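> give me the fold of what follows.
(one chain, ligands or ions: 1)
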Amino acid sequence: MPAPDRYAVLGHPVAHSRSPAIHARFAAQTGQRLDYGRVLCPLDGFVASVGAFAAAGARGCNVTVPFKFEALQRVLQSAGSASARAQRAGAANVLGFDGADPARWWADNSDGIGLVRDIQQHAGVPLAGTRVLLVGAGGAAAGVLGPLIEAGVAELVLANRTAAKAEALVASHAELATGHGTQVIAAPLAEPGRGFDVVINASSSSLAGAAVPVPGAVLRPGSLAVDLMYGAAAAPFMTWAREHGATARDGLGMLVEQAAEAFFLWRGVMPATAPVLAALRAEVDTSA
Ligand code: ATR
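Just a heads-up that it's a prediction; the model follows:
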């Protein structure tokens, strides 16, 4: 029997990554033979690491912090192909290989569709016609903005500490927003508006242990409040959300859904995500 197809998550750090366990569950569930590991890349060595992994016969990889931007650039600079959603996000978290030549690689970004599917399918909140507040304008926010617009959000307010970064993201998504009838505006963190249907924390404030950077009035009873982090990092945001009457959610569902989309891109088979999310949730304590 030939060796299983090889995949891995590349990042720095990667020891904590849940991706190998998620993909192992997907593979068992769908009967796909694959071997999914971790590759710790030196901070200045992503290009060499990904090149060596592809040259060793791997079929693809996930890319995590801090290499998602570099991953897209590597593929674009080598005349490989990149999906529209990866180009809009300016970052790739999924690569596919066909040998060592990067001109034959492809890059995609499954983070945003992962968040949209988690909100709609697992949290049960249809996004069409909603008012959404997206906090942050870094890589995580850039990855989810386009898919939120494509999901039919009516109004999307982008609030960030550095106004210029929010304004740049609004500008780069203006055409997509017009096409979908979504009003996308930048606003200051202190006054982003009130009573949103969905509030998404895509800033790294939780990681820094900083206070939630928006006023509680952005929430109303019944709002959905999602932090893209999970585990202990998401706990302060989730506590704050519950204190303001919202339904709090961490980023575990997005993690599983972005992995499922990557698995589908590589294998052509979409795994069932609910049982994998349930198993993962039992392992990760997100109680505040
Ligand atoms: P990521 O890839 O996780 O998005 P990033 O690209 O470094 O990381 O972006 C981090 C985001 O969190 C930025 O929007 C940052 O705000 P600035 O653009 O002003 O730097 C935001 N952020 C980080 N710490 C924050 C804090 N304590 N309060 C508010 N926003 C914060």
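
> residue in the chain with the shortest distance to the ligand?
Gly138 (1.8 Å; Cβ to the nearest ligand atom). C-beta here means a position set from N, CA and C on the backbone, and glycine is covered the same way.

> and for that residue, the neighbour number?
As a burial measure, Gly138 scores 15 neighbours (other Cβ atoms under 10 Å).

> same check, this time on Ala278
Ala278 has 11 nearby residues by other Cβ under 10 Å.

> just the one 4 residues further on next, same as before
Neighbours of Ala282 under the rule other Cβ under 10 Å: 8.

> stretch 161-170 and the ligand, any residue contact?
Yes - Stretch 161-170 reaches the ligand (Cβ under 6 Å from any ligand atom) through 161-162, 165.

> in helices, which of the residues you listed appear?
Among those, the subset assigned to helices under DSSP state H consists of Lys165.

> let's have the residues of stretch 161-170 next to the ligand in JSON lines, adding pLDDT and neighbour count.
Compiled in JSON lines, these are given as follows (pLDDT from 0 to 100; neighbours: other Cβ atoms under 10 Å):
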{"residue": "Arg161", "pLDDT": "94", "neighbour count": "15"}
{"residue": "Thr162", "pLDDT": "95", "neighbour count": "11"}
{"residue": "Lys165", "pLDDT": "95", "neighbour count": "17"}
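
> closest to Ile113 out of the residues of stretch 161-170 next to the ligand?
Lys165 (22.7 Å; Cβ to Cβ).

> how near is the closest one to Ala171?
11 Å (Cβ to Cβ, to the nearest Å).

> what do you get for Leu133?
19 Å.

> who's more crowded, these two?
Taking other Cβ under 10 Å, Leu133 and Ala171 do not tie; Leu133 has more neighbours (25 against 11).

> mind checking the end-to-end distance for stretch 147-156?
12 Å (Cα to Cα, to the nearest Å).

> swap in stretch 221-229?
Counting by Cα to Cα, the terminal residues of stretch 221-229 are separated by 22 Å.

> and this protein, which residues reach the ligand?
136-141, 160-162, 165, 203-205, 208, 210, 213.

> let's see that with 5 Å instead.
136-140, 160-162, 165, 203-205, 210, 213 (Cβ under 5 Å from any ligand atom).

> of those, buried ones?
With neighbours counted by 16 or more other Cβ atoms under 10 Å, the residues of the chain next to the ligand contain buried members at 136-137, 139-140, 160, 165, 203-205, 213.

> centroid-nearest residue for the protein?
Central residue of the chain (Cα atoms, centre = their mean): Asp111, 2.8 Å from the mean position.

> excluding its backbone neighbours, what's nearest that one?
Distances taken as Cβ to Cβ, 6 or more residues apart in numbering put Gly143 closest to Asp111, at 3.9 Å, once the chain neighbours are dropped.

> list the contacts of that neighbour.
68, 89, 91, 93, 109, 111-112 (Cβ atoms under 8 Å, 6 or more residues apart in numbering).

> show me what Ile200 is bridged to.
Beta bridges link Ile200 to Leu134, Val226, judged by DSSP bridges.

> so it sits right up against Thr130, yeah?
No - the pair Ile200 / Thr130 is not scored as a contact, 11.3 Å apart, by Cβ atoms under 8 Å.

> for Arg249, give me its contacts.
Applying Cβ under 8 Å, 6+ apart to Arg249 gives the contacts 118-119, 123, 224-227, 238.

> er, Gly57 I mean
Arg6.

> same question, the one 4 residues further on
Going by Cβ under 8 Å, 6+ apart, Cys61 touches 7-10, 39, 50, 53, 94-95, 97.

> in helices, which of these appear?
Cross-referencing the contacts of Cys61 against helices under DSSP H gives 50, 53.

> please, where are all the helices along the stretch 51-200 of the chain?
68-77, 84-89, 111-117, 139-150, 163-172, 174-180 (DSSP state H, counting those that start in this stretch).

> among these, which comes closest to Ala24?
Of those, nearest to Ala24 by Cβ to Cβ is helix 111-117, at 18.2 Å.

> quick check: mean pLDDT across the helix ranked longest in the chain?
What stands out as the longest helix in the chain, according to DSSP H, is helix 252-267. The average pLDDT within helix 252-267 is 98.

> return the member of the contacts of Gly143 nearest to Phe26.
Looking across the contacts of Gly143 and measuring by Cβ to Cβ, the closest to Phe26 is Asn93, at 15.9 Å.
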